[in-house]
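**Q** show me how the following folds:
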Amino acid sequence: MHTPNHDGLAKKSLLLRRGYCQYAVCGPSRASALTGRRPDSTHVYDLHHYWRKEGGNFTTIPQFFKDNGYNTIGMGKIFHPGIASVVKLRQAYHSCVSWIDDEIGRILKALEDEGLADDTIVSFWGDHGWALGENGEWEKQTNFEIATHVPFMVRVPGLTDHGVKMNKPTELVDLFPTLVEAEGLPKLQRCPVNVHNVKVCAEGDSMVPLMKNPNDGSWKQAAYSQYAHHLEGHGSFMGCTVRTDRYRYTEWPEFDFNSHQPTKQQGAELYDHQKDPWETENKADDQS
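**A** Residues are numbered from 1 along each chain as shown. Next up is the predicted model:
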């Protein structure tokens, strides 16, 4: 695909080659990313529940900056309104990418024309990946790499002007604390265990240190995602997956959606990305 504007933005950004969403569905992923909290804190696992009612009256990224004196403007689909969309053909998918690339170009040109490019932080991210037949799947709604791996980059004038390429695992919950620190505001506190009564906190990490030193040895070694399955006659399960540099490991415990706690373990998946990048051989039961 020809994406000159994506490429141009990447050359002046912290390019996060190993960025992951926390839930491969629009609503739960956006609720997580825009509050800086994981799905088990927002309590949103589908397109029908609202995080302010389920998880708590949390402060979002736009709300935080508005409360700190910034003008915030939203357009299009910010949080999911409950209407699912499906892209049915690879050609349509590629056309969508080309259209988005053109929109990015329009935004970046407007910043240049208005003299704002050197004074504007730009973040670009997707709320989930997309399967086009890989693993026998279409769309998203799994814990596979193709569904959880997302495009992710952040341009901060003065810090990423020459481009920074990053191969360490990062997560969308890292965006909120990153924007806050990059703008020079007081850092967000780490969310406590009982998160539901705390309006402003983060469960991710600021990526500003990576902009200064992409080889920072103190950075996290794994990214975490999850996805729920409800099987009629068998119960509800929560797939919890961890992605390290080499492996993806997923456990499938039964899940109590009232207490939001896992119970009995029912299965596992283990994929070795060094040997099996398309995740076709489950090695969880391989004793060798």
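**Q** pull out the CA atoms of stretch 217-236 and give them to me as PDB.
**A** C-alpha atoms of stretch 217-236 as PDB (Å, rounded to 0.1, in the frame of the first residue of the first chain):
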ATOM      1  CA  GLY A 217      16.300  -1.000  29.900                       C
ATOM      2  CA  SER A 218      13.700  -0.200  32.500                       C
ATOM      3  CA  TRP A 219      10.800  -0.300  30.000                       C
ATOM      4  CA  LYS A 220       8.200  -3.100  30.300                       C
ATOM      5  CA  GLN A 221       8.900  -6.400  28.700                       C
ATOM      6  CA  ALA A 222       5.400  -7.400  27.800                       C
ATOM      7  CA  ALA A 223       2.000  -6.100  26.600                       C
ATOM      8  CA  TYR A 224      -1.300  -7.300  27.800                       C
ATOM      9  CA  SER A 225      -4.600  -7.800  26.000                       C
ATOM     10  CA  GLN A 226      -7.800  -9.700  26.700                       C
ATOM     11  CA  TYR A 227     -11.000 -10.900  25.000                       C
ATOM     12  CA  ALA A 228     -14.200 -12.500  26.300                       C
ATOM     13  CA  HIS A 229     -16.100 -15.500  24.800                       C
ATOM     14  CA  HIS A 230     -19.600 -16.600  25.800                       C
ATOM     15  CA  LEU A 231     -20.300 -20.100  24.800                       C
ATOM     16  CA  GLU A 232     -23.900 -21.200  25.000                       C
ATOM     17  CA  GLY A 233     -24.300 -24.100  27.400                       C
ATOM     18  CA  HIS A 234     -20.600 -23.800  28.500                       C
ATOM     19  CA  GLY A 235     -20.400 -20.500  30.300                       C
ATOM     20  CA  SER A 236     -18.300 -17.300  29.900                       C
END
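**Q** quick check: buried residues in that stretch?
**A** Using 16 or more other CB atoms under 10 Å as the test for burial, stretch 217-236 gives 219, 222-228. For the C-beta atoms, the positions are set from N, CA and C on the backbone; glycine is no exception.
**Q** need the three-state assignment for residue 209.
**A** With DSSP: H, G, I helix; E, B strand; the rest coil as the basis, residue 209 sits in helix.
**Q** the nearest residue to it once chain neighbours are set aside: neighbour count?
**A** Among residues not flanking residue 209 along the chain, residue 216 sits closest, at 5.3 Å (CB to CB, 6 or more residues apart in numbering). By the criterion of other CB atoms under 10 Å, residue 216 has 13 neighbours.
**Q** for the stretch 151-288 of the chain, which segments count as helices?
**A** 175-182, 208-212 (DSSP state H, counting those that start in this stretch).
**Q** what average pLDDT does the longest one get?
**A** Pointing back at helix 175-182 there. The pLDDT scores in helix 175-182 average 98.
**Q** also the shortest one?
**A** Helix 208-212 shows an average pLDDT of 96 in the prediction.
**Q** contacting residues around it?
**A** Contact with helix 208-212 is made by 14, 154, 156, 159-160, 164, 166, 168, 170, 178, 181-182, 216, 218-219, as judged by CB atoms under 8 Å, 6 or more residues apart in numbering.
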